[in-house]
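> sharing a model prediction with you, sequence too.
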Amino acid sequence: MPMPNSSPWRFVGAAIVAAVVACGMPLAAAQPAAVPEAHHHHADHAHPETLSAGVAELEKVAKEVKDHLAADGRHAADDAVHALGHVLEDVQGLVRKSSLAGEAKAAATRAVDELFECFDALDTALHAEPGTGASPAEVHASVAKRIEASLATLRDAAAGKPAVAAPQAGVDVAALRGRLVLAAEPAGALSLTAAKAKLSKDPQPVVVVGRIGAKGVDPFLADKASFSLVEVPPADAHAAQPGHKPDECPFCKKRAANAPIAAVRFLGPDGKEIPVDARKLFGVDAGQDVVIRGTGIFDSSLPVQILQITAEGIHVRAPAK
């Protein structure tokens with residue numbers, strides 16, 4: 001029986017061919033059986049030369065797919081999905097040839113495979129008989145978060161950011177977010193300097209505001225729900241001067257060097273740090289301002305001015321306009 005045009009095997013076959021070629025097998029020997037294809041014009045697309053360009057093109061075409069589906073443009077969405085399949089092949093090759101570090105390359109490879117799977121499912125829905133199974137829009141909605149997460153992983157890889165490990169199996173990330181993320185900002189947030197003056201070696205409740213960051217090191221611990229905070233620069237008249245740049249101002253730099261930092265950790269029921277990277281758990285990154293509610297201590301005998309906070313909740317402030 002002849003195979004229908006645009007079957008999901010088009011995506012799967014492309015991934016298999018690329019993998020076999022990478023292992024050194026001649027393409028002629030590895031080529032799967034030909035599948036009729038009604039969208040040959042996409043084979044002539046311009047091939048991106050860098051991973052950054054490939055990811056940018058991937059995001060562009062993924063948005064086109066979403067927009068066409070929203071406008072009920074089934075045929076246009078079908079064309080866009082086919083175009084995206086070719087771009088995915090390009091990105092797969094660029095990831096393989098890249099100089100990404102081991103975990104970053106592995107994460108990018110998984111992201112490409114995830115996108116193949118998501119758009120394969122969408123391609124199948126686009127070519128199903130109307131009224132059978134979920135509609136293309138419903139299928140796209142069901143995989144939208146997976147698409148967004150995979151594109152974010154590839155975007156980070158192209159930008160040279162370290163890979164964020166996936167949560168461990170059995171960890172209910174949604175439940176953790178529901179318990180720890182605070183929709184409203186807690187009242188009475190103290191600066192790190194003010195909290196230092198309040199705290200002692202004896203644990204006590206505290207609410208602090210800080211900026212995710214560290215003094216010359218990564219503020220995050222991989223696979224842990226923890227990070228460090230630095231003082232948020234004060235919004236005073238000095239900082240409000242036109243063209244003022246805290247990172248270049250000697251007075252601001254001196255103030256920041258003398259300010260304390262805070263080590264924040266989130267614990268699970270077992271009393272251990274939650275084994276999920278804070279970036280994945282809370283959707284945060286370095287440079288974001290957060291308000292933390294929890295229990296803190298400060299030991300003035302330590303050589304470093306560091307507040308130690310066991311957090312019970314986090315509120316992520318919206319970026320200043």
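Structure's in. What do you need? Since we're looking at a predicted model, the values are computed, not measured.
> what backbone torsions are found at the residue positioned nearest the centre of the chain?
Closest to where the C-alpha atoms of the chain average out (C-alpha atoms, centre = their mean) is A152, at 4.6 Å. As for A152, its main-chain torsions (degrees, to the nearest 10) stand at phi -60, psi -40.
> so this protein: which segments form each domain?
As given by automatic domain parsing, the domain ranges for the chain are 9-159, 173-316.
> quick one: mean pLDDT for the longest one?
Okay, so that is domain 9-159. Mean pLDDT, computed over domain 9-159, is 77.
> please apply the same query to stretch 264-274.
Average pLDDT, stretch 264-274: 91.
> span of it from start to end?
Across stretch 264-274, the terminal residues are separated by 12 Å (C-alpha to C-alpha, to the nearest Å).
> can you point out the buried residues in it?
Neighbour counts over stretch 264-274 (16 or more other C-beta atoms under 10 Å) mark 264-266, 273-274 as buried. (C-beta placed from N, C-alpha, C; glycine too.)
> now K66: closest residue in space that isn't a chain neighbour?
H140 (6.8 Å; C-beta to C-beta, 6 or more residues apart in numbering).
> how close does that neighbour get to R146?
According to C-beta to C-beta, to the nearest Å, H140 and R146 sit 11 Å apart.
> which one of these two has more residues nearby?
Using other C-beta atoms under 10 Å as the criterion, H140 and R146 rank with H140 on top: 24 against 15.
> was I right to think that one contacts H68?
No: H140 sits out of contact with H68 when judged by C-beta atoms under 8 Å, with a separation of 10.0 Å.
> any shared contact partners between these two?
Here H140 and H68 have no joint contacts, going by C-beta atoms under 8 Å, 6 or more residues apart in numbering.
> before we move on, the earlier item: so who does the residue nearest to K66 touch?
Contact analysis of H140 by C-beta under 8 Å, 6+ apart lists 65-66, 69, 122.
> same list, these, but as TSV with secondary structure, neighbour count and distance to L94 please.
Listed next are the contacts of H140 as TSV, based on DSSP: H, G, I helix; E, B strand; the rest coil; neighbours: other C-beta atoms under 10 Å; distance: C-beta to C-beta, whole Å:
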residue	secondary structure	neighbour count	distance to L94
V65	helix	24	20
K66	helix	17	23
L69	helix	24	27
L122	helix	25	23
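> ok, of those residues, which one's closest to D79?
Minimum distance to D79 across the contacts of H140 is 9.4 Å, recorded for V65 (C-beta to C-beta).
> just to revisit the earlier point, how close does the residue nearest to the centre of the chain get to K63?
Taken as C-beta to C-beta, the span from A152 to K63 is 14 Å.
> what about K280, which helix or strand?
helix 278-282 (DSSP states H and E).
> what's the helix or strand immediately after that helix in the chain in contact with?
Using DSSP H and E, the helix or strand that follows helix 278-282 in sequence is strand 289-298. With contacts defined as C-beta under 8 Å, 6+ apart, strand 289-298 is touched by 182, 185-186, 189, 195-196, 199-212, 229, 232, 260, 262, 264, 284, 306-317.
> report the distance from strand 289-298 to the chain centre.
24 Å (C-alpha atoms, centre = their mean, to the nearest Å).
> tell me the buried residues in stretch 288-305?
For stretch 288-305, the neighbour count (16+ other C-beta under 10 Å) marks 288-294, 296-298, 305 as buried.
> show me which of these is closest to K97.
The nearest member of the buried residues of stretch 288-305 to K97, counting by C-beta to C-beta, is Q288 at 33.4 Å.
> burial count for the closest residue in space to V91 that isn't next to it in sequence?
Nearest residue to V91, sequence neighbours excluded (C-beta to C-beta, 6+ apart): G54, at 4.2 Å. For G54, the number of neighbouring residues by other C-beta under 10 Å comes to 23.
> show residues contacting the host helix or strand of G54.
In this structure, G54 sits in helix 51-70 according to DSSP H and E. Contact with helix 51-70 is made by 48, 74, 76-77, 80-81, 83-84, 87-88, 90-91, 94-95, 98, 115, 119, 122, 136-137, 140, 144, 147, 151, 154-155, 157-159, as judged by C-beta under 8 Å, 6+ apart.
> which residues in the stretch 201-321 of the chain form strands?
Listed in chain order, the strands of the stretch 201-321 of the chain (DSSP state E, counting those that start in this stretch) span 204-212, 226-230, 261-266, 289-298, 306-316.
> V171: which of the ones you listed is closest?
strand 261-266 (12.1 Å).
> so what strands line up beside the closest one?
Using DSSP bridges, the strands paired with strand 261-266 are strand 226-230 (antiparallel), strand 306-316 (parallel).
> count the residues that sit near G131.
G131: 6 surrounding residues under other C-beta under 10 Å.
> so how far is P269 from it?
The span separating G131 from P269 equals 47 Å under the rule C-beta to C-beta.
> check D277 too.
The spacing between D277 and P269, counted by C-beta to C-beta, is 19 Å.
> ok so, going back, from the buried residues of stretch 288-305, which has minimum pLDDT?
Lowest pLDDT among those: Q305, with 86.
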